[in-house]
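[1] Return a 3D structure for these sequence lines:
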Amino acid sequence: KKKTSSQFLCGDHKCQNPNSLPPKKKKASHPTMATSNKMDRGTDALKSHVSSMSKISIRQTRKGWLQEILGCEAKNEFKYFKEGETEMFAHSIDDADCMCRFCCPMIYPYKTPVMEVTTNSELLVVDRPFKCAAGPCKCCCYQEMTVTSGTELIGKVVEDCYYCVPSFTASDQNGEAVYKINPPTCMGGVCVNCCAEGNPCTKKGCCKQSFRIYPASQQNTDGDAPYIGQILSKPKSLATEIFTDANAFDVTFPENASTDQKALLIGTTTFFNSIFFEGQQ
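    Here you go, the predicted structure:
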């Protein structure tokens with residue numbers, strides 16, 4: 001008996017022609033799971049303002065200048081501007097008491113909510129516990145800071161073990177390292193490069209200090225190693241320099257940074273202000 005076209009011999013068994021079999025059912029995919037992995041965390045206010053940003057300017061205000069002239073450290077208040085410094089979209093003020101700010105200006109604990117200007121809705125909250133101050137080297141009691149938005153954890157920045165050049169690791173909500181952050185270096189990575197942003201004796205580089213942002217997977221972060229973002233401390237006006245310790249920062253986000261990663265770097269900026277710039281003026 002002749003075999004039909006839909007059958008063929010497979011050893012001693014009769015098998016169906018694979019071309020005539022009904023197609024196998026594909027396993028159901030889980031689009032919601034894939035979407036949730038890529039979805040930005042945080043409040044709607046955070047997403048609406050930060051998601052499309054490539055740069056942000058953060059300015060510490062001169063609020064409390066009379067208080068500072070009299071020797072008491074005023075509360076840190078910041079204003080947040082979109083690129084170009086033309087549109088202020090958020091503000092923040094820390095909740096630390098006067099005695100902590102006066103006695104421990106660079107290490108005092110605080111919790112700082114960043115609020116939208118028009119609606120006073122929360123964008124993010126920066127929470128910094130009391131830790132030992134940064135120094136020429138560090139091997140314990142590391143400085144750290146946590147960023148949340150609404151009820152969600154955004155990430156954390158922790159000081160690394162280092163000598164001569166301070167370094168930090170930024171991690172996401174799962175504790176996975178996202179960025180390495182440290183000042184530009186010279187002399188084989190053992191000194192901070194004070195001329196990285198220009199000659200400090202000229203207008204271009206005067207009073208500028210930067211922290212460069214690198215991918216967590218990048219091994220070399222010394223010297224002229226390529227970086228993907230930057231936190232830049234800029235000079236202030238003469239009156240601001242004399243009468244207050246207000247600081248100004250420009251933040252350039254990594255090109256492919258998500259909204260929550262940008263929020264983490266915004267919190268990192270005010271965190272660095274308290275570590276490296278408070279109490280120095």
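[2] contacts and neighbour counts: CA atoms only from here.
    OK.
[3] Tell me the secondary structure at T202.
    State at T202, reduced to three classes by DSSP: H, G, I helix; E, B strand; the rest coil: coil.
[4] and it, how many neighbours?
    T202: 9 surrounding residues under other Cα atoms under 10 Å.
[5] and if you look at S210?
    The number of residues packed near S210 is 21, by other Cα under 10 Å.
[6] now it, nearest residue through space, not along the chain?
    Nearest non-adjacent residue to S210, counting by Cα to Cα, 6 or more residues apart in numbering: L232, 4.3 Å away.
[7] which residues pair with the one you found across the strands?
    S210, D250 (DSSP bridges).
[8] so it makes contact with Q209?
    Yes: if you go by Cα atoms under 8 Å, L232 and Q209 touch, sitting 5.9 Å apart.
[9] if I look at T151, how far off is V178?
    21 Å (Cα to Cα, to the nearest Å).
[10] ok, these two, which is more surrounded?
    The residue with more neighbours, out of T151 and V178, is V178; 19 against 10, by other Cα under 10 Å.
[11] if I pick the closest residue to G150 other than its chain neighbours, what's in contact with it?
    Counting by Cα to Cα, 6+ apart, G150 lies nearest to T43, which is 5.7 Å off, once chain neighbours are set aside. By Cα atoms under 8 Å, 6 or more residues apart in numbering, the residues touching T43 are E122, L123, L124, S149, G150.
[12] Closest to F272 out of the residues you listed?
    Closest to F272 out of these is L124 (16.6 Å), distances taken as Cα to Cα.
[13] quick one: secondary structure of the closest one?
    Three-state assignment for L124 (three-state DSSP): strand.
[14] isn't Y80 right next to F89, touching?
    Yes: using Cα under 8 Å, Y80 is in contact with F89, at 6.0 Å.
[15] Just give the number of residues close to the residue nearest to S210.
    Counted with other Cα under 10 Å, the neighbours of L232 add up to 20.
[16] Contacts only, for it.
    Contacts for L232 (Cα under 8 Å, 6+ apart) come out as K208, Q209, S210, F211, F249, D250, V251.
[17] again, 6 Å this time
    Neighbour list for L232: Q209, S210, F249, D250 [criterion: Cα atoms under 6 Å, 6 or more residues apart in numbering].
[18] need these in a markdown table with distance to N193 and pLDDT, can you?
    Shown next, in a markdown table, are the contacts of L232 (distance: Cα to Cα, whole Å; pLDDT from 0 to 100):
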| residue | distance to N193 | pLDDT |
| --- | --- | --- |
| Q209 | 9 | 90 |
| S210 | 10 | 94 |
| F249 | 18 | 94 |
| D250 | 19 | 94 |
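[19] Please consider this matter closed, and thank you.
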